[in-house]
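Undergrad: Okay, predicted coordinates and the sequence, questions at the end:
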Amino acid sequence: DYEQNRFTFRVEDTGCGMSIQTRTARLDRVRIERAEAGRIHAFRRTREYTAIHARRISGSFHASIREYLTILANPFYPYTMNILLVYKEADIATYKMLEGLSKLEDFNIYIASPQSYTDKKIYGNCTPLDLPVITSKFNWNVIRALRQIIKTYQIDLIYSPSSSGLSNALFASIGTRAKNIAYRGTQAKLKRFDPTYYLGILNPAVEHVVCETKDIEEYLSRFIARKRLTTSTKPFDIDWIKEAIRTPKQADDIPDDAFRCIYIGATKNRPFKGLTDLIHAFILLDDPRVHLTIVGEYGENDFQLAQQSKVSAQIHFLGQRSDAISFLVTSQLFILPSHRDASPRVVREAMACSVPCIVTDIPGARDLIIDGVTGLLVPPSSPQKMAASIRSLIDNPERLEAFAKASREHIIQDFSVKAYTDGFATLFRSIKKA
C-alpha cells in the first residue's frame, strides 16, 4: 500500500528451507532480527515502521532474500551506520552527543561499558551493552566481548575516548569492517619509539583522531596525517548545572561580605596544575576581604604553604567533593593557575554559573574565555600578575559584573551541544563513505 507507506507479505519456500514473515508496526525503533547469529539491526522509517523477522532453517538463498527485504524496509540502507562507544564511563558531553546522533535516521548507537555502569541513564535511543571491566590495554575478556558485539551488531565505527578502550577495540576489530576512531584530550607528549603508543593512538589501524583543541591537533600532526585529525571542543549546556544552582554551597568561616574566589581541581602530585602559584598569589595579594576556596585532592606541601602563611585563615581546603559545582554558584571569581591543561571542563562550568574566570595563557585553556570580555588571561607561573588581576576585578565591580553576564552568554552561544553533535555526524558519515 504505497499511500499508507507500508507493506505486509509472507514468503515460504520449503525447497530452499526459507521462512520469512514481515509485519507493519508503529514502533520507536525497528529491529531486523537474524536469529542464526543473534544479530539485531535497528532501522527507522519516517512515519510507518516495518519489522522484518527472518529465521534461517537451511539453504544459501536466505542471505540474498534477507538483503533484499532489508533494502525494502529501510530507505536509508546501506547508509545506516552502527556506531559503538567503548568506554568505562563517558562524560555528559559525549553522552549528549550520542543521544543526538541516535535520533538521526542514519545512526544506530550502542554503548559498551562495564556492568557496574549499565544502570545509569541511557540517553535517547542508545542501546546499552555489557562489557567486562577494562583493566589494561590488552584484556582478553574485553577483547572477546567486543569482538562478539562487533559481529553481532555489524558495527561500522568504534569511538573510543580512552586509551585502554581504544587498544582493546583495535585488537577486537582485527579482520572486521569496523573502523576505529580515537579521542585525544591531553597535551601529554607522545614518544614515537615507545611501542605502547602503537597499541593505541599511533596504531595505523586508527582511522581518525578527534582532538579536543587546535593545539593538540597541531602537535599530533607531527605523527599523524592531518587528514586523519579533527578538532572538536566539547560543549556545555547550562541545564547541566541546574542542580548546583538549586543547592548552592559555601565553605564555612567565610564572611558574608567577603570577595569569594574558588579553584576546583585535583592537584595532588600534579605540580603542573599550578596550585602553588595560586597560593603565592594570595599571599602577595594580602587582602583580608578576599577568601579562596580550594576543592579537590591536594598535596601536603601546598596545604602547609597556605597554613604557614599570613593569609591562612582566608584559604579553605575542602578536599574531594562530588558537589564541587555547588560551590561555584556562590563564588565571584574562578581562577585556573595551570601550567598546562588542555580544555578544562571546570572553566565551562564556572562561566555557565555566571562566574568570571582568570585563566593562565596556555594552549587550550585560553581558547575557552574571551580575554577582557568573559575574563582575564595571565601568564603561567606568575603569581604577581595573578594577584594584580584579582585585585583589578575586586576594585572594579562593574567590570566584574559585565564579565559575569558575558560568561553565561558565551556558553550559550559558543558551546552548543547541537553544533558538537552535527560535527560528529559529519565526521562519521565522511568516514563511512570513504
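TA: Everything's here; your move.
Undergrad: Doesn't Asp277 belong to a helix?
TA: Yes - Asp277 sits within a helix when classified using DSSP: H, G, I helix; E, B strand; the rest coil.
Undergrad: so it makes contact with Gln384?
TA: No - when contacts are counted by C-beta atoms under 8 Å, Asp277 is not listed as touching Gln384 (9.9 Å). Every residue, glycine included, has its C-beta placed from N, CA and C.
Undergrad: quick one: contacts for the residue most central in space within the chain?
TA: Geometric centre of the chain, nearest residue: Thr94, 3.3 Å, by C-alpha atoms, centre = their mean. By C-beta atoms under 8 Å, 6 or more residues apart in numbering, the contact set of Thr94 is 85, 87, 161, 234.
Undergrad: Select from the residues you listed every entry located in strands.
TA: Members of the contacts of Thr94 lying in strands (criterion: DSSP state E): Leu85.
Undergrad: Just give me the closest of the contacts of Thr94 to Phe223.
TA: Nearest to Phe223 among these is Pro161, at 18.9 Å by C-beta to C-beta.
Undergrad: Distance check, that closest one against Thr374.
TA: 27 Å (C-beta to C-beta, to the nearest Å).
Undergrad: Neighbour count: the two, which is higher?
TA: Set side by side, Pro161 and Thr374 show more neighbours around Thr374, with 25 against 20, by other C-beta atoms under 10 Å.
Undergrad: helix/strand/coil for the closest residue to that one other than its chain neighbours?
TA: Spatial nearest neighbour of Thr374, chain neighbours left out: Ser407 (4.4 Å); criterion: C-beta to C-beta, 6 or more residues apart in numbering. What three-state DSSP gives for Ser407 is helix.
Undergrad: give me the number of residues near Ser407?
TA: Neighbour count of Ser407, defined by other C-beta under 10 Å: 26.
Undergrad: Could you tell me which residues make contact with it?
TA: Contacts for Ser407 (C-beta under 8 Å, 6+ apart) come out as 350-352, 354-357, 369, 374-375.
Undergrad: out of those residues, which one sits closest to Cys126?
TA: For these, the nearest to Cys126 is Ala352 (24.4 Å; C-beta to C-beta).
Undergrad: quick one: that closest one from Asp287, how far?
TA: Computed with C-beta to C-beta, the distance linking Ala352 and Asp287 is 27 Å.
Undergrad: so after the host helix or strand of Glu349, what's the next helix or strand?
TA: Using DSSP states H and E, Glu349 falls within helix 345-352. Moving toward the C-terminus from helix 345-352, the next helix or strand (DSSP H and E) is strand 357-360.
Undergrad: Helices along the chain, start to end?
TA: Here the chain has its helices, by DSSP state H, at 61-73, 92-102, 140-152, 163-172, 214-220, 242-246, 275-285, 300-307, 324-329, 345-352, 383-394, 397-414, 417-433.
Undergrad: Just give me the neighbour total for Val142.
TA: Using other C-beta under 10 Å: Val142 sits among 26 other residues.
Undergrad: And Ala404, by the same measure?
TA: Per other C-beta under 10 Å, the neighbour tally for Ala404 reads 18.
Undergrad: next one: Ile238
TA: Neighbour count of Ile238, defined by other C-beta under 10 Å: 16.
Undergrad: same check, this time on Asp277
TA: Neighbours of Asp277 under the rule other C-beta under 10 Å: 22.
Undergrad: go on, the one 10 residues further on?
TA: Neighbour count of Asp287, defined by other C-beta under 10 Å: 15.
Undergrad: dump the residue contacts of it.
TA: Asp287 neighbours (C-beta under 8 Å, 6+ apart): 259, 391, 394.
Undergrad: Drop anything exposed from those residues.
TA: 259, 394 (16 or more other C-beta atoms under 10 Å).
Undergrad: got the buried residues for stretch 273-280?
TA: Neighbour count says stretch 273-280 has 273-280 buried, by 16+ other C-beta under 10 Å.
Undergrad: Repeat that for stretch 198-213.
TA: Buried, per 16+ other C-beta under 10 Å, within stretch 198-213: 198-202, 206, 208-213.
Undergrad: Quick one: end-to-end distance for that stretch.
TA: 22 Å (C-alpha to C-alpha, to the nearest Å).
Undergrad: shaky segments in the stretch 51-200 of the chain?
TA: 51-79, 89, 115-122 (pLDDT under 70).
Undergrad: before we move on, back to that, pick the one among the buried residues of stretch 273-280 closest to Val417.
TA: Lys273 (27.6 Å).
Undergrad: The closest one and Gly296, how far apart?
TA: Distance, Lys273 to Gly296, by C-beta to C-beta: 9 Å.
Undergrad: quick one: common contacting residues for these two?
TA: Contact criterion C-beta under 8 Å, 6+ apart; residues shared by Lys273 and Gly296: 265-267.
Undergrad: Could you find the closest non-adjacent residue to Thr196?
TA: Spatial nearest neighbour of Thr196, chain neighbours left out: Lys137 (7.2 Å); criterion: C-beta to C-beta, 6+ apart.
Undergrad: Actually, Lys385.
TA: Distance criterion C-beta to C-beta, 6+ apart; nearest residue to Lys385, sequence neighbours excluded, is Val378 at 4.6 Å.
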